[in-house]
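>>> Fold the following for me, if possible:
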Amino acid sequence: MEFENERIQAVNVPELDEFEKAKAKKVILSYFKKFSRLIHPDFTLLIHFKEYEKSGNRKKVVVNSRISMVGRSINAEQVDWNALKALRSSLATLEREITKKLLKKRKKKPKKED
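Numbering: from 1, shown residues only. Got it, this is the predicted structure:
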């Protein structure tokens, strides 16, 4: 799956039809915009798909998504039989992790010295 933005990478994308590819691209781009508003604009989004546990026509899909920033990275992983559902869940989890870490960072106030 190719993106115009160089900061988005999708690796080992499973076989999807044109409709599912368009939907996956739309989901990834919408979350990328959300992440751009939440964190410093200098980051990369890596999404790695892995298929395992083939059962008949179905395959279980693991989606690992990672945001790499200067000095730190945040990861999320989801497993599902449906690749699109796993992708959406992984990106939603990543968004929660980002907000959690940023809120934790913002809540820390320097101690006042008397």
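
>>> which residues in this structure form strands?
Applying DSSP state E to the chain gives strands spanning 8-11, 44-55, 58-69, 72-80.

>>> For stretch 80-95, which outside residues touch it?
14, 16, 20, 23-24, 27-28, 31, 34-35, 38, 47, 49, 58-67, 74-79 (CB atoms under 8 Å, 6 or more residues apart in numbering). (Each C-beta comes from the backbone N, C-alpha and C, glycine too.)

>>> hang on, the earlier thing: which of the strands of the chain is buried the deepest?
Stretch with highest mean neighbour count among these: strand 58-69 (a mean of 19; mean count of other CB atoms under 10 Å).

>>> Which elements pack onto it?
For strand 58-69, the elements it packs on are strand 44-55, strand 72-80, helix 83-107, judged by 3 or more CB pairs under 8 Å, 6 or more residues apart in numbering; DSSP states H and E.

>>> in the last one, what's buried?
This means helix 83-107. By 16 or more other CB atoms under 10 Å, the buried positions in helix 83-107 come out as 83-84, 86-95, 98.

>>> what's the offset of it from the middle of its chain?
8 Å (CA atoms, centre = their mean, to the nearest Å).

>>> Next, the angle strand 44-55 makes with it.
Orientation of helix 83-107 against strand 44-55 (axes from the mean of the first three to the mean of the last three CA atoms, to 10 degrees) gives an angle of 140 degrees.

>>> Next, the angle from helix 83-107 to strand 72-80.
Angle of helix 83-107 versus strand 72-80, following the same axes, to 10 degrees, is 150 degrees.

>>> Then the first one?
Here strand 44-55 runs at an angle of 20 degrees relative to strand 72-80 (the same axes, to 10 degrees).
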